[in-house]
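> using only what follows, build the 3D model:
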Amino acid sequence: MASEQPTSVKPNFNNSMNLLFVEMGVGYDQHGQDITSAAMRACKDAISSNSIPAFRRGSIPGVNFDQMKLEIKLGVPRALQQFLDIERVKSVFPYGKILSVDVVDGGLICSSGVLVEEMGDKNEDCYIVNAAVYVGY
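Okay, here's the model as predicted:
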C-alpha cells in the first residue's frame with residue numbers, strides 16, 4: 001500500500017510580513033458545545049507560554065512594538081466552522097495587528113464521557129481546536 005505524503009499548507013503571507021516564529025496551541029470545550037470557546041483557548045494556549053521582548057526593547061533594528069503582525073490559522077471541525085465567532089477569537093490577542101484568520105478543516109469532536117446539564121451541555125460532545133499563530137513584523 002503506497003502512502004501519500006501530506007501536502008504543506010502555508011499561511012497566506014504574500015510578503016505581508018517578515019515571519020519570526022510560530023506559536024502553537026490546543027483548546028477544548030468539554031461542556032457547553034461552544035466552538036468559539038475552544039478556539040479562544042487554543043489561541044491563549046499558543047501565546048501564553050512565551051514572551052516577546054524583542055518588539056518592546058528594539059532588538060530588531062528599525063522595528064518597533066507597533067509593527068508586530070499576526071496571522072492565525074485554526075483547525076476546526078468542518079461541521080462547526082459556521083458557528084465560530086472570529087471577532088471573539090481575535091479578542092484573545094492583547095497586541096499586534098491581526099492580518100488574517102484562516103479557518104481550515106481540523107480539530108476534533110469527541111465524547112467528554114458525560115452530559116452535565118448544569119454546565120450547559122446539550123450532549124456529550126467535546127470540541128477540540130488547534131491553533132497556529134504566526135508572529136512577525
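
> use CA for all of it now, contacts and neighbours both
Fine.

> what stretches of this protein score poorly on pLDDT?
1-15 (pLDDT under 70).

> now do the helices in it.
Secondary structure of the chain (DSSP state H): helices at 35-47, 53-57, 86-90.

> tell me which of those is the most buried.
Most buried of the helices of the chain, by mean neighbour count (mean count of other CA atoms under 10 Å): helix 35-47, with a mean of 24.

> that helix packs against which elements?
Using 3 or more CA pairs under 8 Å, 6 or more residues apart in numbering; DSSP states H and E, the elements in contact with helix 35-47 are strand 19-29, helix 86-90, strand 125-136.

> any chance of the helices of the chain in a markdown table, plus distance to Leu99?
What follows is the helices of the chain, written out as a markdown table (distance: least, CA to CA, whole Å):
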| stretch | distance to Leu99 |
| --- | --- |
| helix 35-47 | 15 |
| helix 53-57 | 17 |
| helix 86-90 | 11 |
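
> related to what we said a few turns ago, do you know which of the helices and strands packed on helix 35-47 lies nearest Asp45?
strand 19-29 (4.8 Å; CA to CA).

> need the contact partners of that closest one.
With contact meaning CA atoms under 8 Å, 6 or more residues apart in numbering, strand 19-29 is reached by 35, 37-47, 126-137.

> now that strand: how far from the chain's centre is it?
6 Å (CA atoms, centre = their mean, to the nearest Å).

> that one: partners in the sheet, and parallel or antiparallel?
Sheet pairing here is set by DSSP bridges, and for strand 19-29 it gives strand 125-136 (antiparallel).

> tell me which residues of stretch 116-129 are tucked away?
Across stretch 116-129, burial judged by 16 or more other CA atoms under 10 Å covers 121, 123-129.

> good, we can wrap up now.
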